[in-house]
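Novice: give me a 3D structure for the following:
(2 chains)
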Amino acid sequence: MSYLNNPAVVMDNGTGLTKLGFAGNDSPSWVFPTAIATAQSGKSSGTGSKTSGFGASATAQSSYVSGGGNSTSATDFNSLASSTLISNNLAGKRGTEDLDFYIGNEALVASQGPSYSLSYPIRHGQVENWDHMERFWENSIFKYLRTEPEDHFFLLTEPPLNPPENRQQVAEIFFESFNCAGLYIAVQAVLALAASWTSSKVTDRSLTGTVIDSGDGVTHVIPVAEGYVIGSAIKNIPIAGRDITLFIQSLLRERGEQDASLRVAERIKQEYCYVCPDIVKEFNKFDRDTEKFAQFIVENKEKTSRKVVDVGYERFLAPEIFFNPEIASSDFLTPLPVVVDETIQACPIDVRKGLYNNIVLSGGSTMFKDFGRRLQRDLKGIVNDRIAQSEKLSGTRSTGVDVSVISHKRQRNAVWFGGSLLAQTGEFKSYCHTKQDYEEYGPDIVRNFSLFNMI
Amino acid sequence: MLHLKPHNLLVQKTLTEALEAYNNGSPLTLDRIISDYDYTTLHITNDDGDKSSLLVSIRTKATQSCNETGSDLKGFLEQKFEEAPGLALSGDKKEAGYDFTVTVNLSQITAESIVQVSLFKILVMSYPFYLAFGQSTHFSQLNEVDQVEKSKEATAMVIKYRDDENIYIKPSFDRVTVIFETIFQDETDKVFGKVFLQEFVDARKRNRFIQSAPQVLFSHEPPLEIQQVARQHASTAADKKSSRRFITFVLFPRHYASDELMFTSISQLALFRNYFHYHIKCAKAYMHSRMRYRVDTFIKVLNRAKVDDEGESESRRTFTGRKMVY
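Specialist: Below is the predicted model of the structure:
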């Protein structure tokens, strides 16, 4: 039973990015796109017929020296191509097309060639293509994490409102294909709440709160009461990271900047944008003080050409689309604070105070400076107005509602970090379903997981 | 994709990032746990107060048995790490709970030294292999009578790299025999494993391109070379005896003629079990995708047989069966 000493594996497969790592670490070991490049059927992929039997060739040794693997920067492709294309000579004889695929950044690179097609097995947070997902997992476990699944416990994440059938599928794959020692499937929002415990503002470690999860594609507002997601009250906002980037790009284009590519817009978003307390005042501030304007310099790799892109009002206008969506979109017009308020109002009255009290941010698009402060201020305004009105109508005094938005350092990978926190505790393994349990009861067993009651 | 690489990608990535950050003047603060196959845990931390050096510690199940096979595992590793710039095996101040600690000096290391650190686990496991190769070469230089005698006397070395699976290495004057003991916990794996291993044995016979590869044998009983040693260890896992299988690789001098070949052979052998299990899992995944495909086609057939009863109530028919058209 020496697998008890092995760290648990925490995997957060999102629509865009997959976060992989070991419990106890403060950041995921691998972050790469949830993409898989598979060999196109009917076409022989470019695998050479090099023999690489035992000791017969030394190509493997010489080529891995330079390979950076699936680094997030995705450079150094030439060495990868040469080292990974060494194929078993059985490959020519019978079909091993099922083994001919790449995941993550390598997949993005491979798909630029003619013989691979790229696909994203997860759509809207849920697994769409189980064949691809199974192979994605297989490669991420063996190649990137280098673990024997029989020796490790696994913590996986799922989106809120994931149908139990999907959980069952996951369990079938993990127990039957991989024989993993134990499995726990946690809801992403709950893990995000757990991640907020690292903030100094959090005093009691409760699993009640509202999670605002904003990634690249969509923003969710998810109320969680005592570790259970209130599914009927979840609200989605079709404004997220990508929309902000596109908005910046459109501003750059309108102004006729030298370089208005998506990549530049994204860098500007990450490096310069912040949330302001009041747009009008901020505009005035910019007009008075030219130092507020910034310049972003684009250089190509060889540092021969140099383009200067001015960064102006978009610094505060871009994140503003969360609070005043009408400046960027014409079909969705409800500001984020209003949506959060509506969400909480749709929840049972007994938990509302807890939900207002603990609003947790998660995901890359909540990383703007002062995002939490602005949200808290706006939301407080809405809540106080309502309290004032009800006091006027009923004539009684309200005890007041405390609104607090918690931002912390781990926001970007909050879900993964929460998973890492929970999976490193001693009790984690007792909450998992083990391989023995699975064989005894069948895949139905994963329909229920007991909640962590952490202290 | 078919092959697992001998070096740990994650260690390599982490160290490369640390090096980059150090060169940019903003050294990272690291405290990372990294895992590798066969109960191996690596730990990368900052040296106290000294931003220019990192400590990489390893704990692996094989250490103890590897140490027993020879006298100087530590010296061997020390020498291996000395070859690469910026690395040093810290003799005395190894991290508590870990077997070995290497100090990585970020101001000196190169890409090669990063690879060397990421091979840490393979290096630990390679010690008995190098010993065996050394002994074999030594035997081969003796006269003919001694050669046979000495080879007979040589005992098999054991690497206990997992709970109840071991690697046995037996040097002889003209070959080195490496025997893997495998046990499957899962019934399905047992079947897949058997097919896979037999395929492994047969592939060599069928394909003339791989004639230079080592001979592979597959048996249910411990091979003669290790019967004595295996018996001692077998007693501990007697109940699992029925599911034990043995895979034998026979390495001839051409497989360990040069340093480079030695290293390639060792790293392939050390990863054999992982490779094997990985491919069993891949095979299962493939079966599953075939099954899903099948189920989908069956469902399509079933759907075709569905009776359309919705139109009945709306469209009325005449007595002769014609449709009424309004």
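Novice: and residue B:210, how far is that from chain A?
Specialist: With distances defined as C-beta to the nearest C-beta, to the nearest Å, the gap from residue B:210 to chain A amounts to 5 Å. C-betas here are computed from N, CA, C, even on glycine.
Novice: what residue spans form the domains of the chain?
Specialist: By default, I'm working from chain A. Per the record, chain A has its domains at A:9-40+A:100-188+A:412-446, A:199-238+A:333-407, A:241-325, by the TED database.
Novice: that was the other one, I meant chain B.
Specialist: Listed domain ranges for chain B are B:9-118, B:124-282 (source: automatic domain parsing).
Novice: mean pLDDT lowest where, among the domains of chain A?
Specialist: Lowest mean pLDDT of the domains of chain A: domain A:241-325, a mean of 85.
Novice: beta partners of residue A:20?
Specialist: When bridges are assigned using DSSP bridges, the partners listed for residue A:20 are residue A:11, residue A:30.
Novice: among the domains of chain A, which is the most enclosed?
Specialist: domain A:9-40+A:100-188+A:412-446 (a mean of 21; mean count of other C-beta atoms under 10 Å in any protein chain shown).
Novice: chain center to that domain: distance?
Specialist: For domain A:9-40+A:100-188+A:412-446, the gap between its own C-alpha mean and the chain's C-alpha mean amounts to 13 Å (C-alpha atoms, centre = their mean, to the nearest Å).
Novice: now do the same end-to-end measure for it.
Specialist: 18 Å (C-alpha to C-alpha, to the nearest Å).
Novice: go on, stretch A:160-177?
Specialist: Stretch A:160-177 has an end-to-end distance of 25 Å (C-alpha to C-alpha).
Novice: which residues are in contact with that stretch?
Specialist: Contact with stretch A:160-177 is made by A:125-127, A:130, A:133-134, A:137-138, A:149, A:154, A:156, A:158, A:180, A:183, A:185, A:187-189, A:220, A:222, A:229, A:231, A:234, A:433, A:435, A:438-439, A:443-447, B:188, B:281, B:284-285, B:288, as judged by C-beta atoms under 8 Å, 6 or more residues apart in numbering or on different chains.
Novice: can you tell me which of those end up in helices?
Specialist: Of the positions in those, A:130, A:133-134, A:137-138, A:188-189, A:435, A:438-439, B:188, B:281, B:284-285, B:288 sit in helices, assigned by DSSP state H.
Novice: next one: residue A:334 from chain B, what distance?
Specialist: Taking C-beta to the nearest C-beta as the criterion, residue A:334 is separated from chain B by 39 Å.
Novice: surely that residue touches residue A:325?
Specialist: Yes: proximity of residue A:334 to residue A:325 meets the contact threshold set by C-beta atoms under 8 Å, at 6.9 Å.
Novice: for the residue in the stretch 301-450 of chain A positioned nearest to chain B, which residues are in contact?
Specialist: Distances from the stretch 301-450 of chain A to chain B, computed as C-beta to the nearest C-beta, single out residue A:435 as the nearest residue at 8.3 Å. For residue A:435, the residues meeting the contact criterion (C-beta under 8 Å, 6+ apart) are A:175, A:179-182.
Novice: residue B:217: which of those residues is nearest?
Specialist: For those, the closest approach to residue B:217 (C-beta to C-beta) belongs to residue A:179, at 26.4 Å.
Novice: hang on, residue A:374 packs against residue A:275?
Specialist: Yes: in this structure, residue A:374 sits in contact with residue A:275. The criterion is C-beta under 8 Å, and the distance is 4.7 Å.
Novice: overlap in contacts of those two?
Specialist: Shared contacts of residue A:374 and residue A:275, defined by C-beta under 8 Å, 6+ apart, are found at residue A:323.
Novice: for the closest residue to chain A within the stretch 151-300 of chain B, phi and psi?
Specialist: Closest approach between the stretch 151-300 of chain B and chain A, counting by C-beta to the nearest C-beta: residue B:213, at 3.4 Å. Geometry field for residue B:213 lists phi and psi as phi -70, psi 160, criterion degrees, to the nearest 10.
Novice: number of residues surrounding it?
Specialist: When neighbours are defined as other C-beta atoms under 10 Å in any protein chain shown, residue B:213 has 20 of them.
Novice: residue B:18 and residue B:106 touch, don't they?
Specialist: Yes: look at residue B:18 against residue B:106 with C-beta under 8 Å: they come within range, at 6.5 Å.
Novice: what do the two both touch?
Specialist: Shared between the contact lists of residue B:18 and residue B:106 (criterion: C-beta under 8 Å, 6+ apart) are residues B:27, B:54.
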